[in-house]
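Trainee: turn this into a structure:
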Amino acid sequence: MAAASPRQAPAAEAEALLRALDGQARRPRISACYGLGLLAAGVAMLMLPLAYLGLIAAIAWGLYRHATGEAVALGDRASLFFYVVPLVFGVAMIVFLVKPLLAPRARRRRTRALKPQDQPLLFDYVRKVCRLMGAIEPGRIEASCDTGIHMEAGSLRGAMIGRDLTLRIGLPLVYELDLRQFTGCLAHAFSHGGRGVGMRLWAVIRRIDGFFTRLARERDDWDEALARRAAGRNILARWAAGFTMRLVAISRGALWVFMKAGNLVSSFLSRQMTYDADRKAAAVVGANGVGGGVFIAQLLDIAWRKTLDDVAQAREERRVADDLPALVHANFGLIGDGMRGHVRESMASQRAGALGMAPAPWSRIRRLEAENEKGFFFDDRPATLLFRDFGPLCRDVSMDYYAAAMGPALAQTAVIPTAELIERRDSVSGSFDALKQYCLGCYLFTRLIGPDPEKLAEPADPEAADADLRRARGYLEAAAGAIRPAVKLYVKGCQQTLQGYAIEQLVEAGIHSRGVSKETAHGLVDSGNSMKREAEVQMAPFEDALARRMTAALRLLESPRVGLENGHRLARQAARLAMAIEGMRNCADLVDDLIRCHQGLRALVTNMKGREQDDAMAARVRLVRGEVYRSIDALFMRLKSTPYPFEHPNGQVSISHVAIDVPPAREDLVAIHEKGQATLEALDRLYGRALGALAAMALDVETALGLPPIG
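Mentor: The predicted model follows:
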């Protein structure tokens, strides 16, 4: 369940809390060698924008000299060609070197600015920590659904003069920290925003490095438009877009050089600055206070990934949790001692690469232990005490996050209490646990099984139905010994078949390399199909017995012999679930087609870079893209008549509208590739959830009849 909304400290308690920071922190000094290195790096980084502008100016000057040179007086066609082409190429290079500065950027995640009158204690506390660290106070404090706390300069000028600083606080992290750890995070962040020249130089270095990284890597709206043109049907438009994309690639290559130069300059210094900030923060809260925050941040990454999975699954039913930080908090609480130990082992083995901007977490903790700073602030109360109305604030930033991530789709999505979403999630998780137990861990999305909906009526003779159930259990126990090796063989056969199909698509696209040939592809497909056929023969008795066992048990849901209190409701629900599974089973051929052709499209997309203008590659991509689109569309049409078996905010909807929603545009390669993957994942989850719910009901029947578990 989600945690209750934390309280804010009352006035007297808040005053005592602020007074606790009146101690004097020892401020470790950086070495002279490190200071000179920082100065040299700052100067070198400041030279990069000048070099960038110099490159553009050099190309422009070369164009001017070429345009006014002797070539303009020559009249033959060859001379005209060699005169015009450099002009076109040079102008295009200038345009695309400047393009990243002008094109609209991708939408950034929204944050929420806090106001001093709304959060007085937080602002007072931040101001107190700033003074303690000798840092410049941030002009703005923002709250978000991020999982970190950091300072950021709003502009290059702001970085240079030490103004226009923003403190961004991730509320999921606040949920997990005590005041000591939160103060350590603030002190660490403010150590990067000190009043010294070194800190300002570092802010400039980070700003310029991030600038070139964005120019070299971030795709803008113009890039997306060119990609759509290059994938279209108009030959002239494809050629023009392809030529333009090559020029963009050349310009990005030049920007990549600047980016790598910036990374080389800043990466080592970034790690040293982190160590230095850790030492300064430890002088306030001690080594354990800083190290504890580092470890919690690693655990929070796990909780955040789990939360993203929960959000994705809930969005399939057009639902989202009203308090995302509370959902992260609930998932953080699920991390047990075993996982924590695994995280510690993983941290101990991590190493920062030569271009790593941050040192390895365990390296930070070891250095802190070696410094053995004691600190003077040890308050272990929750950090949420600093916030007024923390719960409503979390709900506000959650809506900001959804608005940025979902756009207009948020208007058609139900916002439900986080506790309700957690309850639904746990129910689904329980269904999957029941399915694993019922099927002995041996069920596959590509081997759709389930009860026969037409045979689920309440039996006229409950004793005969009971006998059918016991016989089916006996058959299942007899067949259980061979099922696990058969499943492994079947999975291996599927993998080989898909690998063969992917290789076949690469060969047809003109990609020839070691181990890639039609003979290899056909051999893998034939071998994989042979394995699947052999496995299917071995799996058939188990699958048949499993379906008979489930059908017999579900027929007894309403039987007085079983005595389930809500048997009638469960029987109606079982009928809906069985119909949904039957509808998906009727689409097994389309699911197989989608899996196969999507695997081929994935192989093509993975190997497409640098071959966008290759005719064989373009033709094969269009062909397989069309196959994936037709498979998705056919699934959408066939599943429109199958009702979704669970509750949905929009009432009665079909499986199509939940698993697929809206088919992608026919010529949008990226959308088709993503929708194909999303459709397969959604159908897999839905099948497992539906069959798991039936398995849970069947297990309840068997338990009521006194039958022991199998396996």
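Trainee: low-confidence ranges, the stretch 601-711 of the chain, go.
Mentor: For the stretch 601-711 of the chain, the stretches with pLDDT under 70 are 610, 612-613.
Trainee: residue 183: what's it in contact with?
Mentor: 21, 129, 284-285, 289, 377, 379 (CB atoms under 8 Å, 6 or more residues apart in numbering). In short, each C-beta sits where N, CA and C put it, glycine included.
Trainee: just those residues: which are in helices?
Mentor: Among those, the ones falling in helices (DSSP state H) are 129, 284-285, 289.
Trainee: if we can go back for a sec, top of the contacts of residue 183 by neighbour count?
Mentor: residue 285 (31 neighbours; other CB atoms under 10 Å).
Trainee: now do stretch 14-22, average pLDDT.
Mentor: The average pLDDT within stretch 14-22 is 77.
Trainee: among the ones in helices among the contacts of residue 183, which two are most distant?
Mentor: Farthest apart among the ones in helices among the contacts of residue 183 by CB to CB are 129 and 289. That separation is 12.8 Å.
Trainee: need the helices for the stretch 451-600 of the chain, in chain order.
Mentor: With DSSP state H, counting those that start in this stretch as the criterion, the stretch 451-600 of the chain has helices at 462-508, 518-555, 567-585, 588-606.
Trainee: and the ones you listed as TSV, adding distance to residue 149?
Mentor: Shown next, in TSV, are these (distance: least, CB to CB, whole Å):
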stretch	distance to residue 149
helix 462-508	44
helix 518-555	50
helix 567-585	45
helix 588-606	37
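Trainee: now mean neighbour count too, for those, in a markdown table please.
Mentor: Listed next are the helices of the stretch 451-600 of the chain as a markdown table, based on neighbours: other CB atoms under 10 Å:
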| stretch | mean neighbour count |
| --- | --- |
| helix 462-508 | 18 |
| helix 518-555 | 19 |
| helix 567-585 | 19 |
| helix 588-606 | 19 |
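Trainee: so which of the ones you listed is nearest residue 301?
Mentor: That would be helix 588-606 among the helices of the stretch 451-600 of the chain, by CB to CB, at 26.3 Å.
Trainee: so how far is the closest one from its chain's centroid?
Mentor: Centroid separation for helix 588-606 versus its chain: 22 Å, with CA atoms, centre = their mean, to the nearest Å.
Trainee: what's that helix packed up against?
Mentor: In this structure, helix 588-606 packs against helix 462-508, helix 615-639, helix 669-704, with contacts taken as 3 or more CB pairs under 8 Å, 6 or more residues apart in numbering; DSSP states H and E.
Trainee: between these, which one is closest to residue 393.
Mentor: Using CB to CB, the helices and strands packed on helix 588-606 put helix 669-704 closest to residue 393, at 32.0 Å.
Trainee: got the angle between the closest one and helix 567-585?
Mentor: Interaxial angle, helix 669-704 versus helix 567-585 (axes from the mean of the first three to the mean of the last three CA atoms, to 10 degrees): 140 degrees.
Trainee: angle of helix 669-704 against helix 588-606?
Mentor: Going by the same axes, to 10 degrees, helix 669-704 makes 140 degrees with helix 588-606.
Trainee: mind giving me the packing neighbours of helix 669-704?
Mentor: helix 235-316, helix 418-438, helix 462-508, helix 518-555, helix 567-585, helix 588-606, helix 615-639, helix 655-659.
Trainee: neighbouring strands of the helix or strand following the longest one in the sheet, and parallel or not?
Mentor: Where DSSP states H and E defines the elements, the next helix or strand beyond helix 235-316 is strand 319-321. Strand 319-321 sits in its sheet next to strand 414-416 (parallel), going by DSSP bridges.
Trainee: buried set for the strand it pairs with?
Mentor: Buried residues in strand 414-416, defined by neighbour count with 16 or more other CB atoms under 10 Å: 415-416.
Trainee: ok, and what's touching that strand?
Mentor: Contact with strand 414-416 is made by 318-322, 399, 649, as judged by CB under 8 Å, 6+ apart.
Trainee: and these, which are buried?
Mentor: Judged by 16+ other CB under 10 Å, buried ones among those: 318-322, 399.
Trainee: name the SS class of residue 117, please.
Mentor: Recorded secondary structure, residue 117: coil (DSSP: H, G, I helix; E, B strand; the rest coil).
Trainee: contact partners for it?
Mentor: No contacts exist for residue 117 under CB under 8 Å, 6+ apart.
Trainee: any idea how far residue 658 is from it?
Mentor: Counting by CB to CB, to the nearest Å, the gap from residue 117 to residue 658 is 44 Å.
Trainee: check residue 270 too.
Mentor: Distance of residue 270 to residue 658, given as CB to CB: 45 Å.
Trainee: next one: stretch 51-67 to chain centre, how far?
Mentor: In terms of CA atoms, centre = their mean, the centre of stretch 51-67 is found 42 Å from the chain centre.
Trainee: which parts of that stretch are buried?
Mentor: Neighbour counts using 16+ other CB under 10 Å place 52, 55, 59, 63 of stretch 51-67 among the buried residues.
Trainee: a markdown table for the helices and strands packed on helix 669-704, including distance to residue 166?
Mentor: A markdown table is the format used below for those (distance: least, CB to CB, whole Å):
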| stretch | distance to residue 166 |
| --- | --- |
| helix 235-316 | 17 |
| helix 418-438 | 28 |
| helix 462-508 | 46 |
| helix 518-555 | 54 |
| helix 567-585 | 49 |
| helix 588-606 | 38 |
| helix 615-639 | 43 |
| helix 655-659 | 40 |
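Trainee: circling back: the buried ones among the contacts of strand 414-416: which two are farthest apart?
Mentor: 318 and 399 (15.5 Å).
Trainee: look up how far residue 143 lies from residue 470.
Mentor: If you measure residue 470 against residue 143 using CB to CB, the figure is 60 Å.
Trainee: quick one: which of the helices of the stretch 451-600 of the chain is nearest residue 452?
Mentor: For residue 452, the closest of these is helix 518-555, at 5.8 Å, according to CB to CB.
Trainee: between the closest one and helix 567-585, how many degrees?
Mentor: Taking the same axes, to 10 degrees, one finds helix 518-555 and helix 567-585 inclined to each other by 160 degrees.
Trainee: elements contacting helix 518-555?
Mentor: Secondary-structure packing of helix 518-555 (3+ CB pairs under 8 Å, 6+ apart): helix 462-508, helix 567-585, helix 669-704.
Trainee: looking at those helices, which is nearest to residue 544?
Mentor: helix 462-508 (7.6 Å).
Trainee: from the chain's centre, how far out does that closest one sit?
Mentor: For helix 462-508, the separation from the chain centroid amounts to 31 Å (computed by CA atoms, centre = their mean).
Trainee: for stretch 294-301, C-alpha coordinates in CSV please.
Mentor: Provided in CSV are the C-alpha atoms of stretch 294-301 (Å, rounded to 0.1, in the frame of the first residue of the first chain):
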residue,chain,number,x,y,z
VAL,A,294,24.7,6.9,-2.6
PHE,A,295,23.5,3.4,-1.8
ILE,A,296,19.9,4.4,-1.6
ALA,A,297,20.2,6.1,-5.0
GLN,A,298,21.3,2.7,-6.4
LEU,A,299,18.3,1.0,-4.9
LEU,A,300,16.0,3.7,-6.1
ASP,A,301,17.0,3.0,-9.7
